[in-house]
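> fold the following.
(one chain, ligands or ions: 1)
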Amino acid sequence: MRIGYGFDSHEFRPGIPLKIGGVTLAHDKGLGGHSDGDVLLHAITDALLGAVAAPDIGVLFPPSDQKWKGADSAVFLREALKRVRDAGYSLANVDASLILAAPKIGPHAEAIRVSVAKLLGVPAACVGLKAKTPEGLNLENAAIAHVVVLLEKRRAPKSARKKKKK
Ligand SMILES: [Zn+2]
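The predicted model follows:
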């Protein structure tokens with residue numbers, strides 16, 4: 001088994017869409033910075049990459065590269081999943097904590113979980129999501145995500161296992 005941990009934070013900026021976990025939420029501000037600013041997908045991507053000791057999201061997709069400006073963060077996630085598969089692992093589960101003052105995530109938590117599960121190719125029951133407000137952190141204008149993932153070694157197909165025994 002392998003464990004991976006990812007962290008990300010983005011600043012809210014007016015006039016751009018807010019995307020969290022691949023879901024666009026109605027809000028007067030969005031998350032600026034790298035690509036579409038999807039703080040949750042970025043933290044999941046880094047957790048997956050970290051679990052297989054691959055370079056992190058900022059190395060693979062440099063924010064300075066105009067190519068990634070406004071990019072769909074699902075692209076980063078797909079690359080991380082590919083690296084996980086290539087390393088011989090599959091995703092067992094993911095658990096995430098989101099920290100932001102607004103908007104309230106509760107009413108959207110299920111939609112975000114389903115979206116993330118779909119992007120990861122796992123059942124929604126394998127995606128944990130908690131949302132918290134930044135009590136005492138003085139971070140009213142930021143969104144933060146902490147993510148852990150667990151990977152399992154993929155079982156080799158029966159034919160391959162027989163070959164190994166020879
Ligand atoms: Zn990010």
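> helices or strands up against the helix or strand hosting R85?
Here R85 sits within helix 74-86, counting by DSSP states H and E. Secondary-structure packing of helix 74-86 (3 or more C-beta pairs under 8 Å, 6 or more residues apart in numbering; DSSP states H and E): helix 39-51, helix 57-60, strand 89-99, helix 109-120. Where C-beta positions appear, they are placed from N, C-alpha and C, glycine not excepted.
> most tightly packed of the ones you listed?
By mean neighbour count, with neighbours taken as mean count of other C-beta atoms under 10 Å, helix 39-51 ranks first of those at a mean of 27.
> give the helix, strand or coil label for P103.
Here P103 is recorded as coil under DSSP: H, G, I helix; E, B strand; the rest coil.
> what sits against it?
L18, L25, A26, H27 (C-beta atoms under 8 Å, 6 or more residues apart in numbering).
> okay, it: pLDDT?
Among the per-residue scores, P103 holds a pLDDT of 96.
> look up phi and psi at it.
Dihedral angles of P103 (phi, psi; degrees, to the nearest 10) stand at phi -80, psi 170.
> report the separation between it and D46.
As for P103, its distance to D46 is 24 Å (criterion: C-beta to C-beta, to the nearest Å).
> repeat for A143
From A143 over to D46 the distance is 15 Å, taken as C-beta to C-beta.
> also K67?
K67 is 19 Å from D46, by C-beta to C-beta.
> likewise for L25?
In terms of C-beta to C-beta, L25 sits 22 Å off from D46.
> same question, V52
Counting by C-beta to C-beta, the gap between V52 and D46 amounts to 12 Å.
> for the ion, what is the nearest residue in this structure?
The nearest approach of the chain to the ion comes at H42, 3.4 Å away (C-beta to the ion).
> show me what contacts that residue?
G6, D8, H10, H34, S35, I57, S73, F76, A145.
> which of those sit farthest apart?
G6 and S35 (15.0 Å; C-beta to C-beta).
> looking at these two, which has the bigger crowd around it?
The neighbour count for G6 versus S35, taken as other C-beta atoms under 10 Å, is higher for G6 (26 against 23).
> I'd say the more buried one and A51 touch.
No: the pair formed by G6 and A51 falls short of the contact definition of C-beta atoms under 8 Å, at 9.1 Å.
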